[in-house]
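A.B. asks: Sequence plus predicted model, see below.
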Amino acid sequence: MTECGILNQRVIEISLGGPPLPLTSSLLGVLVPEFGTKIAPNTPMHIDVVPTVAPFLDEDAGPNGESAELNLAHLQIKFVESRPGVGDIVHLTLAVDAPLGFDLAYDPVGRVLAPQISAPPATSVRARVVDDFIGAVEPTIEALFPTSFPSFVSALGSSFAAFPLPTFLGLGLDVLEVQRAGKRSPARPRVEADRGRVCCVRPPHSQRSTGSVGSTCRPSAEDGGVAPMSRTVSPFGSRADPMGV
């Protein structure tokens with residue numbers, strides 16, 4: 001995602017508890033007073049979100065109980081003024097570390113899986129000033145910015161495109177359930193799907209034991225009493241294996 005520039009975002013408006021407002025020096029002055037005193041009032045501004053390290057899933061659940069945790073490390077937040085005749089002027093750059101909640105939602109109409117990204121509690125976000133050309137009070141910014149970070153998460157979430165379910169032997173798949181596939185490194189969301197049959201999601205092979213109850217899929221008459229194939233779909237790859245084996 002980082003190599004393709006998917007997470008690179010330009011934020012031109014922000015919500016401070018109400019409807020989104022255009023970014024200006026006066027608005028940013030609410031968060032960083034120096035923007036309101038050292039730049040002309042209502043000067044158009046924008047914020048560039050620039051990842052320097054690829055985000056990764058770890059073995060933990062999300063900070064709010066999501067199925068997985070997506071970690072952002074050293075995500076740069078640049079506060080930029082576009083000055084006519086001069087170009088972009090970066091006044092302030094922050095580096096942010098944050099664990100995001102990661103879930104997959106199924107859209108039965110579009111037949112796609114859509115990543116859902118949620119903001120963590122402010123106490124889980126760390127911010128550091130990297131460049132300060134406006135003379136801001138750095139400890140104050142580092143303490144206050146985590147409370148504003150959710151405003152940027154919505155922009156990041158929109159960069160994760162939905163992806164269609166694959167077909168299996170020319171047959172379409174219906175999602176039965178999306179859930180966390182055990183505690184492993186890294187933890188990955190797991191999707192169990194079949195051709196509309198009622199199946200239970202079973203633990204991965206590494207967690208099964210002799211005599212444990214696995215999932216079963218009730219074969220229908222059209223299957224001739226043979227358990228149908230189930231497909232495990234993941235945004236990181238997929239595999240097929242017979243149910244109840």
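C.D. replies: Arrived safely. Residues are numbered from 1 along each chain as shown.

A.B. asks: Counting residues, which helix of this protein comes out longest?
C.D. replies: Longest helix in the chain by number of residues (criterion: DSSP state H): helix 138-148.

A.B. asks: list the helices and strands it packs on?
C.D. replies: Counting contacts by 3 or more Cβ pairs under 8 Å, 6 or more residues apart in numbering; DSSP states H and E, helix 138-148 packs against strand 87-107, strand 126-132. (C-beta placed from N, C-alpha, C; glycine too.)

A.B. asks: so which of the ones you listed is the most packed in?
C.D. replies: strand 87-107 (a mean of 18; mean count of other Cβ atoms under 10 Å).

A.B. asks: With only the CA atoms kept, save that one in CSV.
C.D. replies: Extracted in CSV, the C-alpha atoms of strand 87-107 (Å, rounded to 0.1, in the frame of the first residue of the first chain):
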residue,chain,number,x,y,z
GLY,A,87,4.4,26.8,-4.1
ASP,A,88,3.9,24.6,-1.1
ILE,A,89,5.4,25.7,2.2
VAL,A,90,5.5,23.1,5.0
HIS,A,91,5.1,24.9,8.4
LEU,A,92,4.8,21.8,10.7
THR,A,93,5.4,18.1,10.4
LEU,A,94,4.3,15.5,13.0
ALA,A,95,5.1,11.8,13.1
VAL,A,96,2.3,9.6,14.4
ASP,A,97,2.2,6.1,15.7
ALA,A,98,-1.3,4.6,16.2
PRO,A,99,-3.0,1.2,16.3
LEU,A,100,-6.2,1.2,14.2
GLY,A,101,-9.1,-1.1,14.3
PHE,A,102,-9.5,-3.3,11.2
ASP,A,103,-12.6,-5.2,10.2
LEU,A,104,-14.1,-6.6,7.0
ALA,A,105,-17.7,-6.0,6.1
TYR,A,106,-19.6,-7.9,3.4
ASP,A,107,-21.8,-6.0,0.9
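
A.B. asks: so what strands line up beside that strand?
C.D. replies: Strand partners for strand 87-107, identified by DSSP bridges, are recorded as strand 68-83 (antiparallel), strand 112-118 (antiparallel), strand 126-132 (antiparallel).

A.B. asks: Where among the helices and strands packed on helix 138-148 is average confidence lowest?
C.D. replies: Sorting those by mean pLDDT places strand 87-107 lowest, at a mean of 91.

A.B. asks: For the protein, which segments count as strands?
C.D. replies: Here the chain has its strands, by DSSP state E, at 9-11, 13-14, 21-22, 45-50, 56-57, 68-83, 87-107, 112-118, 126-132, 163-164, 174-180, 189-194, 229-234, 237-242.

A.B. asks: pLDDT (mean, whole number) over the second one?
C.D. replies: This means strand 13-14. Mean predicted lDDT for strand 13-14 stands at 84.

A.B. asks: Who are the packing partners of it?
C.D. replies: Using 3+ Cβ pairs under 8 Å, 6+ apart, strand 13-14 sits against strand 21-22.

A.B. asks: What angle do strand 87-107 and the longest helix of the chain make with each other?
C.D. replies: 30 degrees (axes from the mean of the first three to the mean of the last three Cα atoms, to 10 degrees).
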